[in-house]
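Enquirer: Okay, sequence plus prediction incoming.
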Amino acid sequence: MNTLRSVVPRAQRPDIQPRNFDMPLGDDTPRYFANNDPYLTHFMNALSCIFPGGERFFVSSVLAYQKQVTDPELKRQVRQFCAQESIHGQQHEAFNRWTEKYGLGMAEMTKDYEAILLKTSKRESKLSKLAMTAALEHVTAILGHALLSTPEVQKRMHPSVLQLWMWHAIEEIEHKAVAFDVYQEMGGSYIRRVGQLLGATMGLALSAIILMTILLWRDRQLFNVRSFFRFILIFWETGYAATAWRGYREYFRRDFHPWQTDDRDLLNTYLPDVGKYVGGNQGRLQEVSA
Ligand SMILES: [Fe+2]
Ligand SMILES: [Fe+2]
């Protein structure tokens, strides 16, 4: 990870491009698409249930400040950020519907999760929601960075599902600073920023564990001990956990900015691979029927 004290200037950061994405799922996409393993697959499925509601929460938290943003470039980035996140939510919903053939109820879990998220965050102030969004955007960016940096993890995923996660990871990196920059422009404090990171991380981890446990139970795989150990090991063996942790802790620095980590090379490396599945802004979102 190339971490600088200096910040990549706004003009030199990658453009935030909302891309339509044609998910290449089909009959050859296996039930256990990650490492051929129930635990890792259902961990990713749990995240896929969290994303649609989470992305809409991020969009509404940032849009609540849209009129107060004065910097014209940041205003433009807010619009691009909202467009990207909306498409991410739609595509994860489409993926979750595709899994319905396995009878796991992921589409319903996705709706239930969003309802719970809206209820539990209702009493938070506007600024706390923005701080929570900036914190979770950091988490999604470092997880995306770790995925792009760890070919060994990429190799363990079926290519059709990998494309969805690579596309999402790339766009999370492109827009990683938007919520953070809005929070800074609104004068948000350091304490609220790191406090929300800790709270949001615990909330995200707890949600993922609960949803994953439900999925494993429904799939009769909860007591698959070998799969559990393989799931734990993969993050350590491949270096994924170490890369993600190095990125995570950066957020505690008082002078932190997301673009102190320059991941433009990673984007340049992987965007052409994903490019064949994105239809540009004119294309229609499309599911390839199974
Ligand atoms: Fe996203
Ligand atoms: Fe995001």
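Expert: Structure's in. What do you need? Ligands and ions are numbered 1, 2, ... in the order given.

Enquirer: Could you check which helix or strand contains the residue of the stretch 151-290 of the chain at minimum distance from ligand 2?
Expert: Relative to ligand 2, the nearest point of the stretch 151-290 of the chain is Glu172 (4.7 Å; Cβ to the ion). All C-beta spots, glycine's among them, are computed from the backbone N, C-alpha and C. Using DSSP states H and E, Glu172 sits within helix 159-174.

Enquirer: Extract the CA atoms of that helix and return them as PDB.
Expert: In PDB, the C-alpha atoms belonging to helix 159-174 read as follows (Å, rounded to 0.1, in the frame of the first residue of the first chain):
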ATOM      1  CA  PRO A 159     -15.000 -15.300 -12.400                       C
ATOM      2  CA  SER A 160     -18.700 -14.300 -12.900                       C
ATOM      3  CA  VAL A 161     -19.100 -13.200  -9.200                       C
ATOM      4  CA  LEU A 162     -15.600 -11.800  -9.000                       C
ATOM      5  CA  GLN A 163     -16.500  -9.300 -11.700                       C
ATOM      6  CA  LEU A 164     -19.300  -7.900  -9.500                       C
ATOM      7  CA  TRP A 165     -17.000  -7.500  -6.600                       C
ATOM      8  CA  MET A 166     -14.100  -6.100  -8.600                       C
ATOM      9  CA  TRP A 167     -16.400  -3.500 -10.200                       C
ATOM     10  CA  HIS A 168     -17.800  -2.500  -6.900                       C
ATOM     11  CA  ALA A 169     -14.300  -2.400  -5.300                       C
ATOM     12  CA  ILE A 170     -13.000  -0.100  -8.100                       C
ATOM     13  CA  GLU A 171     -15.800   2.400  -7.700                       C
ATOM     14  CA  GLU A 172     -15.500   2.400  -3.900                       C
ATOM     15  CA  ILE A 173     -11.900   3.500  -4.300                       C
ATOM     16  CA  GLU A 174     -12.900   6.100  -6.900                       C
END
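
Enquirer: Go through it and flag the buried ones.
Expert: Buried positions in helix 159-174, judged by neighbour count with 16 or more other Cβ atoms under 10 Å: 160-174.

Enquirer: And it, what does it pack against?
Expert: strand 20-23, helix 38-63, helix 72-98, helix 126-149, helix 264-275 (3 or more Cβ pairs under 8 Å, 6 or more residues apart in numbering; DSSP states H and E).

Enquirer: Export the ones you listed as TSV, with columns for mean pLDDT and distance to Thr201.
Expert: Formatted as TSV, these follow (pLDDT from 0 to 100; distance: least, Cβ to Cβ, whole Å):
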stretch	mean pLDDT	distance to Thr201
strand 20-23	80	27
helix 38-63	97	13
helix 72-98	94	19
helix 126-149	97	7
helix 264-275	87	23
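
Enquirer: Make CSV from those and add mean neighbour count and distance to ligand 1 to it.
Expert: Listed next are the helices and strands packed on helix 159-174 as CSV, based on neighbours: other Cβ atoms under 10 Å; distance: least, Cβ to the ion, whole Å:
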stretch, mean neighbour count, distance to ligand 1
strand 20-23, 20, 12
helix 38-63, 23, 5
helix 72-98, 19, 4
helix 126-149, 23, 6
helix 264-275, 15, 14
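
Enquirer: got the ones you listed as JSON lines, with distance to Arg249 columns?
Expert: Shown next, in JSON lines, are the helices and strands packed on helix 159-174 (distance: least, Cβ to Cβ, whole Å):
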{"stretch": "strand 20-23", "distance to Arg249": "31"}
{"stretch": "helix 38-63", "distance to Arg249": "21"}
{"stretch": "helix 72-98", "distance to Arg249": "24"}
{"stretch": "helix 126-149", "distance to Arg249": "10"}
{"stretch": "helix 264-275", "distance to Arg249": "19"}
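
Enquirer: Phe252 is nearest to which of those?
Expert: Closest to Phe252 of those is helix 126-149 (Cβ to Cβ; 10.6 Å).

Enquirer: just checking, what packs against the helix or strand just after that closest one?
Expert: Per DSSP H and E, the first helix or strand lying C-terminal to helix 126-149 is helix 151-155. For helix 151-155, the helices and strands in contact under the criterion 3+ Cβ pairs under 8 Å, 6+ apart are helix 126-149.

Enquirer: How far off centre is the helix it packs on?
Expert: The chain centroid and the centroid of helix 126-149 are separated by 8 Å under Cα atoms, centre = their mean, to the nearest Å.

Enquirer: Could you double-check that Thr110 sits in contact with Pro52?
Expert: Yes. Counting by Cβ atoms under 8 Å, Pro52 is a contact partner of Thr110 at 5.4 Å.

Enquirer: contacting residues around the residue nearest the centre of the chain?
Expert: Note on the chain: the residue nearest the mean C-alpha position is Thr140, at 4.1 Å, using Cα atoms, centre = their mean. Counting by Cβ atoms under 8 Å, 6 or more residues apart in numbering, Thr140 touches Glu172, Lys176.

Enquirer: Brilliant, that's me finished.
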